[in-house]
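K.L.:
need a structure here:
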Amino acid sequence: MADVGTYLKKHTEALVKDVGIEAACALAGKSKATIGRYYSDAEEHSDRFMPIDTVAALEAAARYPHVTTALAEISGHTISSGGEGRNSPPGGVNGDVIALSHRFAMLMAEYQQSIEDGIITVNEAKRLLHETLALQKVLVDMKLHLEEETT
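P.N.:
Numbers count the residues shown, from 1 in each chain. Next up, the predicted model:
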């Protein structure tokens, strides 16, 4: 990765925008100017990064762990969501088939929305990756359930 600092600042900005600048300030206990410095690409702020406790507070309120995902990607790792959600289907292969249909539909809906203007942006690619990872998890769960039934 060419410039890790720029990459982290871009994801910090995405995190702040996800939460909202006012909410980010309230959660972090910092001013708009300070929050802005954390993702500013100006030379005088090139060595300023959001403290990890602030990242944790903002990501708890965000829809997506932007900075944590960026850190994982920098080190060559991926992360996946552990939450199943309130409306997760019952266990077993039948539940897996339902979940598979649901996740595939979600992926296709994200793809349709992303490709509408002919360009897939970075944020759209993140959402597609998130849905792809969720679909992959369902397939792994389904594989495990099928293996249980054959032994």
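K.L.:
give me every residue that touches residue 11.
P.N.:
Shown in contact with residue 11 (C-beta atoms under 8 Å, 6 or more residues apart in numbering): 66, 67, 69, 70. Every C-beta, even on glycine, is put in place using the N, C-alpha and C of the backbone.
K.L.:
Find the nearest non-adjacent residue to it, please.
P.N.:
In space, and not counting its chain neighbours, residue 11 is closest to residue 70: 3.8 Å by C-beta to C-beta, 6 or more residues apart in numbering.
K.L.:
Going by the annotation, which residue ranges form each domain of the chain?
P.N.:
Domain ranges of the chain: 4-74, 92-150, per automatic domain parsing.
K.L.:
where among these is the average confidence lowest?
P.N.:
The minimum mean pLDDT among the domains of the chain belongs to domain 92-150 (a mean of 85).
K.L.:
Name the residues of the helix or strand containing residue 53 that are buried.
P.N.:
Residue 53 belongs to helix 52-61 when assigned by DSSP states H and E. For helix 52-61, a neighbour-count test (16 or more other C-beta atoms under 10 Å) marks 54, 55, 57, 58, 59 as buried.
K.L.:
What is the burial count for residue 40?
P.N.:
Residues near residue 40, counting by other C-beta atoms under 10 Å, number 16.
K.L.:
what about the closest residue to residue 135 other than its chain neighbours, how many residues close to it?
P.N.:
Of all residues not flanking residue 135 in the chain, residue 103 sits nearest, at 4.3 Å (C-beta to C-beta, 6+ apart). Applying other C-beta under 10 Å, we find 19 residues neighbouring residue 103.
K.L.:
show me what contacts residue 103?
P.N.:
Residues near residue 103 by C-beta under 8 Å, 6+ apart: 131, 134, 135, 138.
K.L.:
quick one: the helix or strand hosting it to chain centroid distance?
P.N.:
For residue 103, the host element (DSSP H and E) is helix 92-115. Its chain's C-alpha centre and that of helix 92-115 lie 17 Å apart, by C-alpha atoms, centre = their mean, to the nearest Å.
K.L.:
Understood, closing this out.
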